[in-house]
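In: Show me how the following folds:
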Amino acid sequence: MAAEQENITRLEVNGKEIILIGTAHVSKQSAEQVKEVIEAEQPDSVCVELDDQRYQSIVNRDKWKNMDIFNVIKEKKATLLLMNLIISSYQKRMGSQFGVEPGQEMMQGIESAKEAGAELVLADRDIQTTFARIWHGVGFTGKMKLFFQLFSSFFYNEKITEAELEKMKSQDMLDSMLNELTVHFPRLKKPLIDERDQYLSQKIKRAPGKKVVAVLGAAHVPGVTKEIETDHNLAELMKRPKKSKVPAMIAWSIPLIILAVIAYTFTANPDAGVQQSISWLLWNGSFSALGAAIAWSHPLAVLTAFVAAPLTSLYPLLAAGWFAGIVQAYLRRPSVHDFERLNEDVYQFKGFWQNRATRILLTVVLANLGSTLGTIIGGADVIRLFFENV
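Out: Okay, here's the model as predicted:
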């Protein structure tokens, strides 16, 4: 049975009193309400919508100083980190309108739990698992659409009032938002919202004590309220999807087809074979170099992208952006000051290019995107020359 009042939902589950606080992540009122509710209720446990990684980023503001940019590239995490920073940038711009730090309600939950002597429970699923399940489920078209949707948030400058922000926490507005999310990204809702509702509900009802306060984004309150009566298998929800063999087969078959076509063309018409080879080199190299140039990379990093792309496109285990990014990191290695300013620089669009750390990430991602585009166009041109000359 649930009772709702002013973004507060009260539940009775297995003899335990559970109080859900629906918040907006950039709302000053949400942070104040979290403090008031915990002080008034004096719960045994406080659950926050954080996993360990995001919790550490809140309590350890100096974590960027210890980041090894070379390891980020080697571990293939440049795209993931850049996406995280873009999301952070959007939230910072929203929060700056009201003089509030994004996630302040979660920070308040952590502080108030300590003051009340309550046990703190990190109730959200590991963000790496969530991203892996999202990335697996949206398909290639969805990946591109999602990336450009995030990139377009750079240019979001619309101002909203505090009252409008608070209205976002109402049930009607929430249903509308989720319906819109389902329309634009139908495969995204399940791993991003539904599965996390299940995970959060299970962690909340397992929290120690007879009284539990849970600080959640408003989007999760209806789902948690619905799912909390059902038992969910956390181990299943934490599983990362197995990688399909199909993308790997496609990734290997394309270069093999290209090489076979060029080799056959050389035997039948050597001049056409030379044309194909030049076309492949120029399309791949030029687009990858263009991507690196858009990132304002060092000229040697741009040259590296140009040279590497035609070769790495034929060997799927490598990527031109990795080589360009390593060269960029070596020649323009980020200083401690760059990492210290990372949170401030990502607040604005130009900051991604001014900060040496994010410029390296842009070099990796944009050079790889350019190489992919070059592979498509270059491959098509190789096939065209084959049919025209053989």
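In: In which helix or strand does K243 reside?
Out: Assessed by DSSP states H and E, K243 sits outside every helix and strand.
In: Can you get me a residue count around it?
Out: Around K243 sit 10 other residues, with neighbours defined as other CB atoms under 10 Å. Backbone N, C-alpha and C define where each C-beta goes, glycine included.
In: now do N14
Out: For N14, the neighbour count with other CB under 10 Å is 8.
In: ok, it to A207 distance?
Out: Here N14 is placed at a distance of 12 Å from A207 (CB to CB, to the nearest Å).
In: Need the overlap of contacts for the two.
Out: Common neighbours of N14 and A207 (criterion: CB atoms under 8 Å, 6 or more residues apart in numbering): none identified.
In: could you pull out the helices for the stretch 201-350 of the chain?
Out: Assigned by DSSP state H, counting those that start in this stretch, the stretch 201-350 of the chain shows helices spanning 221-227, 234-237, 245-268, 270-294, 299-312, 320-331, 336-340, 342-345.
In: any low-confidence regions in this structure?
Out: Judged by pLDDT under 70, the chain has its weakly predicted residues at 1-6, 25-28, 61-70, 75-81, 83-102, 136-187, 244, 247, 335-349, 390.
In: can you give me phi and psi for the closest residue to Q53 other than its chain neighbours?
Out: Nearest residue to Q53 in three dimensions, chain neighbours excluded: I127, at 5.6 Å (CB to CB, 6 or more residues apart in numbering). I127 adopts backbone torsions of phi -60, psi -30, taken as degrees, to the nearest 10.
In: Near I127, how many other residues are there?
Out: With other CB under 10 Å as criterion, I127 counts 16.
In: List the contacts of it.
Out: I127 makes contact with 51, 53-54, according to CB under 8 Å, 6+ apart.
In: and what of G22?
Out: Contacts of G22 by CB under 8 Å, 6+ apart are 7-9, 169, 216-218, 220-221.
In: nearest to V37, of these?
Out: Set against V37, the nearest of the contacts of G22 by CB to CB is I8 (6.8 Å).
In: any idea how the chain splits into domains?
Out: If you go by automatic domain parsing, the domain ranges for the chain are 2-237, 245-389.
In: thinking again about what came up before, top of the contacts of G22 by number of neighbours, please.
Out: Counting neighbours by other CB under 10 Å, L216 leads the contacts of G22 with 27 neighbours.
In: bridging residues for that residue?
Out: Note on L216: beta-bridge partners G22, judged by DSSP bridges.
In: And it, how close does it get to I18?
Out: Counting by CB to CB, the gap from L216 to I18 is 11 Å.
In: What count of nearby residues applies to the closest residue in space to D126 that isn't next to it in sequence?
Out: Once flanking residues are discounted, D126 sits nearest to D51: 4.8 Å by CB to CB, 6+ apart. Residues contacting D51 under the criterion other CB under 10 Å number 18.
In: Surely G217 is in contact with S30?
Out: No: in this structure, G217 is not within contact of S30 by CB atoms under 8 Å, at 9.4 Å.
In: re earlier: is it true that the residue nearest to D126 touches L122?
Out: Yes: under the contact definition of CB under 8 Å, D51 touches L122, with a separation of 5.9 Å.
In: okay, and the common contacts of these two?
Out: In contact with both D51 and L122: no residue, using CB under 8 Å, 6+ apart.
In: Could you identify which of the helices of the stretch 201-350 of the chain is most buried?
Out: Ranked by mean neighbour count, the helices of the stretch 201-350 of the chain are led by helix 320-331 with a mean of 25 (mean count of other CB atoms under 10 Å).
In: Spell out the residue ranges of the strands in this structure.
Out: Here the chain has its strands, by DSSP state E, at 2-5, 8-13, 16-23, 45-48, 119-122, 211-217.
In: Is it possible to get TSV of these that adds distance to N389?
Out: Shown next, in TSV, are the strands of the chain (distance: least, CB to CB, whole Å):
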stretch	distance to N389
strand 2-5	72
strand 8-13	70
strand 16-23	65
strand 45-48	65
strand 119-122	63
strand 211-217	59
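In: hey, which of those strands is tucked in deepest?
Out: Sorting those by mean neighbours (by mean count of other CB under 10 Å), the first place falls to strand 45-48, with a mean of 27.
In: residue furthest from the geometric center of this structure?
Out: Residue farthest from the centre of the chain, counting by CA atoms, centre = their mean, is A268 at 48.4 Å.
In: any idea how far that residue lies from A293?
Out: Distance from A268 to A293, by CB to CB: 37 Å.
In: swap in N233?
Out: From N233 to A293 the distance is 49 Å (CB to CB).
In: Kindly report the same for Q198.
Out: Relative to A293, Q198 is positioned 45 Å away (CB to CB).
In: still on that earlier bit, D194: which of the contacts of G22 is nearest?
Out: Set against D194, the nearest of the contacts of G22 by CB to CB is H220 (9.9 Å).
In: ok, the closest one touching L200?
Out: Yes: with contact defined as CB under 8 Å, H220 and L200 form a contacting pair (6.0 Å).
In: who touches both of these two?
Out: By CB under 8 Å, 6+ apart, H220 and L200 have these common neighbours: E49.
In: So in the protein, which helix runs the longest?
Out: The longest helix of the chain (DSSP state H) is helix 356-389.
In: what inclination does it have with respect to helix 299-312?
Out: Taking axes from the mean of the first three to the mean of the last three CA atoms, to 10 degrees, helix 356-389 and helix 299-312 form an angle of 40 degrees between their directions.
In: Just want the angle from helix 356-389 to helix 245-268.
Out: Going by the same axes, to 10 degrees, helix 356-389 makes 50 degrees with helix 245-268.
In: Which parts of helix 356-389 count as buried, going by neighbours?
Out: Judged by neighbour count using 16 or more other CB atoms under 10 Å, the buried positions of helix 356-389 are 356-375, 377-379, 381-382, 385-386.
In: Sweet, I'm off.
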